[in-house]
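K.L.:
Need the 3D shape of this:
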Amino acid sequence: MGRFIAAFVVFAIALVFLGTGIAFKVFSGPRSITESVTLAGTAQYAVVDSSVLSVRPGVQNVILSGGTTNEVGYGRTIDVLSWIGESPYLNVTRGSTGTISSRLVTPDVTEGATVPTIVNPAGSDMWLEHSSGEAAATLSMNLPPEMSVILSSDGVEPVSPRVAFVWPLAPPTFLWMQDDQLLFLGGGITLVGVAIYLWALSHYRAKQGPRRKTPKPPKPRKITHSPHRGISAERTRGRRAGPRRRALIAVPLTAALTLGLASCASPFPNAGAPSTPTPTSTSANPGGVELPPVAVTEAQMRVIMSKLSEVATSADTNLDANVASARFAGAALNARSANYSIRLGDPALAAMPAIPDTVPSLFLPESSNSWPRSLFAVFQPAAKSAKGGEDDKTPTIALILQQTSPR
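P.N.:
The predicted structure follows:
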């Protein structure tokens, strides 16, 4: 009988998991919230304000489609507008009623300004993240208020017309499991219950088979009569001993409960509340002067160094100064060009120090709203010798990086 009970208990547990998983599948509702807007016009770019995405918490997905190519990137709003410059663009915002709309913005054109040669925002160092796609481009982010999203096709054709903003919703969980996991676990437990039931059924049928030998009936128990005096005395002693034992048990139990409740109580109404001082706000800019933003953030620095290291590695491997000229200029380019020329005749000559693809140990960006922008970066070697000094194979590298224009 115990085996059948165990099987029924397992079936009940499986039913709970399966029922919860099916309920989550059928009645949990949508897994995301989607809003869309259609971009019309001949503008090559569109800028999505952070207010469009920050209306809901969590991860935000921007999906751009409908163009020959689709480009989505995001960065600081000042960098996005600086890159667009004097080009007309569509500004996508959320109105007071909550609807998303777009309007054409035409910046003032400076007389005599040159037309930018780079028109595709793909690959720019200004963006923190970027995504490209032929059918659609999707980019996930958690956009803070000071950042914006830039949309485009290839910079020549008008911006891709269809934009969707998707906010994934957290799926319902039961014991930290979602619907698919609950269904999988419930199915596994069901199989275990079937196995236990078959085992119990097999054991039950085995016990119902014929028996070769009939067991002997039990012998009757001998009853001895004692005098009435002894029986009444024993009963009297039993009746008197019962309340005494109950009293001995009740006294320490009551004392333990009293001590336990007393230890949980406090004579002061707010004794358990910690004393937290009231925080006072301090101004990050006590002078009230609006400071220009730093030229490069840490996230942008990571992207810049990754691209710079890729170009430097390719140029050093192929001994090609033309490849290096894409990211090097001035004395840095001259030093590498001379090293390549000498190494072509003498391969034993040591190569130039490799450019790391990580964030520098120290970098000092310029705070400016105009171009060119410069920064000073230092890479300290991670490896140390046994004497505590720096390893000769990993020298300290200092770089001066400059960006002449937003594009």
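K.L.:
So what does the spatially most central residue of the chain look like in phi/psi?
P.N.:
Among the residues of the chain, the one closest to the centroid is residue 59, at 8.5 Å (CA atoms, centre = their mean). Main-chain torsions, residue 59, degrees, to the nearest 10: phi -70, psi 140.
K.L.:
Quick check, pLDDT for it.
P.N.:
Looking at residue 59, its pLDDT is 91.
K.L.:
So it versus residue 379, what's the distance?
P.N.:
Applying CB to CB, to the nearest Å, the value for residue 59 to residue 379 is 33 Å. Placement of C-beta: from N, CA and C, glycine included.
K.L.:
For stretch 354-362, what is the distance to the chain centroid?
P.N.:
Here the centre of stretch 354-362 is set off from its chain's centre by 25 Å, with CA atoms, centre = their mean, to the nearest Å.
K.L.:
buried stuff in it?
P.N.:
For stretch 354-362, the neighbour count (16 or more other CB atoms under 10 Å) marks 355-356, 359-360 as buried.
K.L.:
now those as TSV including secondary structure, pLDDT and distance to residue 23?
P.N.:
Converted to TSV, the buried residues of stretch 354-362 look like this (DSSP: H, G, I helix; E, B strand; the rest coil; pLDDT from 0 to 100; distance: CB to CB, whole Å):
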residue	secondary structure	pLDDT	distance to residue 23
355	coil	92	56
356	coil	91	53
359	coil	90	47
360	coil	91	53
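K.L.:
and which of the residues you listed is nearest residue 31?
P.N.:
Ranked by distance to residue 31 (CB to CB), these are led by residue 359 at 35.8 Å.
K.L.:
Now do the phi/psi pair for the closest one.
P.N.:
Dihedral angles (degrees, to the nearest 10) for residue 359: phi -70, psi 130.
K.L.:
ditto for residue 44
P.N.:
Main-chain torsions, residue 44, degrees, to the nearest 10: phi -80, psi -10.
K.L.:
Repeat that for residue 160.
P.N.:
Backbone torsions of residue 160, given as degrees, to the nearest 10, read phi -60, psi 140.
K.L.:
To what extent is the closest residue in space to it that isn't next to it in sequence buried, counted in neighbours?
P.N.:
Excluding the flanking residues, the one nearest residue 160 by CB to CB, 6 or more residues apart in numbering is residue 67, at 3.2 Å. Neighbours of residue 67 under the rule other CB atoms under 10 Å: 23.
K.L.:
quick one on the thing from earlier: of all pairs in the buried residues of stretch 354-362, which one is the farthest apart?
P.N.:
Greatest spatial distance among those (CB to CB): 355 and 359, at 12.8 Å.
K.L.:
Which residues are in contact with each of those two?
P.N.:
Counting by CB atoms under 8 Å, 6 or more residues apart in numbering, the shared contacts of residue 355 and residue 359 are residue 305.
K.L.:
quick one: low-confidence ranges for the stretch 1-150 of the chain?
P.N.:
111-115 (pLDDT under 70).
K.L.:
where exactly do the strands run in this structure?
P.N.:
32-38, 45-48, 60-65, 70-76, 89-94, 100-105, 129-133, 136-141, 147-152, 162-168, 362-365, 373-379, 397-403 (DSSP state E).
K.L.:
thinking again about what came up before, go through the buried residues of stretch 354-362 and name the one nearest residue 302.
P.N.:
Nearest to residue 302 among these: residue 359, at 5.3 Å, using CB to CB.
K.L.:
From residue 53, how far out is the residue nearest to the centre of the chain?
P.N.:
For residue 59 relative to residue 53 (CB to CB), the value is 10 Å.
K.L.:
which residues touch residue 100?
P.N.:
35, 37, 52, 92-94, 165.
K.L.:
For beta bridges, what are the partners of it?
P.N.:
Per DSSP bridges, the residues bridged to residue 100 are residue 94.
K.L.:
how much space between it and residue 136?
P.N.:
Taking CB to CB, one finds residue 100 at 18 Å from residue 136.
K.L.:
cool, residue 370 as well?
P.N.:
Where residue 136 is concerned, residue 370 sits at a distance of 36 Å (CB to CB).
K.L.:
quick one: which of the two has more around it?
P.N.:
Neighbours per residue (other CB under 10 Å) separate residue 370 from residue 136, with residue 136 holding more: 16 against 8.
K.L.:
Just give the closest residue to the more buried one, not the sequence neighbours.
P.N.:
Excluding the flanking residues, the one nearest residue 136 by CB to CB, 6+ apart is residue 65, at 3.9 Å.
K.L.:
And residue 165, by the same measure?
P.N.:
Excluding its sequence neighbours, the residue lying closest to residue 165 (CB to CB, 6+ apart) is residue 35, at 4.9 Å.
K.L.:
now residue 402
P.N.:
residue 374 (4.7 Å).
K.L.:
What score does the one you found have for pLDDT?
P.N.:
At residue 374, pLDDT is 89.
K.L.:
ok, it touching residue 401?
P.N.:
Yes - Residue 374 lies in contact with residue 401 (CB atoms under 8 Å); the separation is 6.8 Å.
K.L.:
So which bits of stretch 22-37 are buried?
P.N.:
Burial within stretch 22-37, assessed by neighbour count using 16+ other CB under 10 Å, is assigned to 24, 35, 37.
K.L.:
oh, I was asking about stretch 120-136
P.N.:
Across stretch 120-136, burial judged by 16+ other CB under 10 Å covers 120-122, 124-128, 130-133, 136.
K.L.:
Just the C-alphas of it, formatted as PDB.
P.N.:
The C-alpha coordinates for stretch 120-136 follow below in PDB (Å, rounded to 0.1, in the frame of the first residue of the first chain):
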ATOM      1  CA  ASN A 120      27.200  56.300 -43.400                       C
ATOM      2  CA  PRO A 121      27.200  56.300 -39.500                       C
ATOM      3  CA  ALA A 122      28.200  52.600 -39.400                       C
ATOM      4  CA  GLY A 123      31.700  52.100 -37.800                       C
ATOM      5  CA  SER A 124      31.900  55.500 -36.200                       C
ATOM      6  CA  ASP A 125      33.800  55.800 -32.900                       C
ATOM      7  CA  MET A 126      31.100  58.100 -31.600                       C
ATOM      8  CA  TRP A 127      28.600  55.200 -30.900                       C
ATOM      9  CA  LEU A 128      28.700  53.100 -27.800                       C
ATOM     10  CA  GLU A 129      26.900  50.200 -29.700                       C
ATOM     11  CA  HIS A 130      26.000  49.700 -33.300                       C
ATOM     12  CA  SER A 131      24.000  47.100 -35.300                       C
ATOM     13  CA  SER A 132      23.600  46.600 -39.100                       C
ATOM     14  CA  GLY A 133      21.400  44.300 -41.100                       C
ATOM     15  CA  GLU A 134      20.000  43.900 -44.500                       C
ATOM     16  CA  ALA A 135      16.500  42.600 -43.600                       C
ATOM     17  CA  ALA A 136      16.400  44.400 -40.200                       C
END
